[in-house]
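*Asks:* mind looking at a prediction? Sequence and model below.
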Amino acid sequence: MNNTHQQEQTDNDTFALTLSISTETAQTKKEAEFITEFQLHENIPVNETSLRPRLTKHLQSTNLWYKNSANVGKCSQDNYSGMTGITVDYDHIMTIQQFKSLYSNYHFVLYPSTNHKQTKDEHGLEIEKIHVIFPLDPKDYDNYNTANMHARAYQ
């Protein structure tokens, strides 16, 4: 894993992200459950301008589901083609600032959940809900090209 970048990257940064992004949008979690078609988006610049619409309006995944020349596929075991990173949800585990401090030596993309700080805990504190993508080095993509290897990455 390349440890030289963090979330605060600029338009001039050379790091780019590859994700499967839903072809449809969903307004609710219930609607999102029925979205299964994703398109491969390669070399997405890691900056707010490029990522915001992709991370807030669509479902996205570091899992790749395509088996055709159009790079569009349904998310299923049969269409699994690989992964480009590991995504972890941190819900009320730590604040964004704590995360950034703790993982400052790692390469990651951090973004708030759509319901970030919309609920409170038993002490009345806002609950921070964040997603973090730990990208894999592109030269390691082939190591995760089977569903079995994908499962092992999350163990």
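*Replies:* Received the coordinates, thanks.
*Asks:* which parts of the strand ranked longest in the chain are buried?
*Replies:* Of all the segments of type strand in the chain, defined by DSSP state E, the longest one is strand 37-45. Using 16 or more other Cβ atoms under 10 Å as the test for burial, strand 37-45 gives 38-41, 44-45. In short, each C-beta sits where N, CA and C put it, glycine included.
*Asks:* what pairs with that strand, and is each one parallel or antiparallel?
*Replies:* strand 16-22 (antiparallel), strand 72-74 (antiparallel) (DSSP bridges).
*Asks:* just to revisit the earlier point, turn the buried residues of strand 37-45 into CSV, columns for pLDDT and distance to residue 29.
*Replies:* Conversion of those to CSV gives the following (pLDDT from 0 to 100; distance: Cβ to Cβ, whole Å):
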residue, pLDDT, distance to residue 29
38, 89, 17
39, 88, 21
40, 88, 24
41, 89, 22
44, 87, 24
45, 85, 28
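*Asks:* before we move on, the earlier item: by contact count, what packs against the next helix or strand after the longest strand of the chain?
*Replies:* Downstream of strand 37-45, the next assigned helix or strand under DSSP states H and E is helix 48-56. With contacts taken as 3 or more Cβ pairs under 8 Å, 6 or more residues apart in numbering; DSSP states H and E, helix 48-56 sits against strand 16-22, strand 37-45, strand 109-112.
*Asks:* convert helix 48-56 to PDB, retaining C-alpha atoms only.
*Replies:* What follows is helix 48-56, C-alpha atoms only, in PDB (Å, rounded to 0.1, in the frame of the first residue of the first chain):
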ATOM      1  CA  GLU A  48     -13.400  16.800  -3.800                       C
ATOM      2  CA  THR A  49     -14.500  18.100  -7.200                       C
ATOM      3  CA  SER A  50     -14.200  14.600  -8.800                       C
ATOM      4  CA  LEU A  51     -15.200  12.500  -5.800                       C
ATOM      5  CA  ARG A  52     -18.200  14.400  -4.300                       C
ATOM      6  CA  PRO A  53     -20.800  13.500  -7.000                       C
ATOM      7  CA  ARG A  54     -19.600   9.900  -7.200                       C
ATOM      8  CA  LEU A  55     -19.600   9.300  -3.400                       C
ATOM      9  CA  THR A  56     -22.800  11.200  -2.500                       C
END
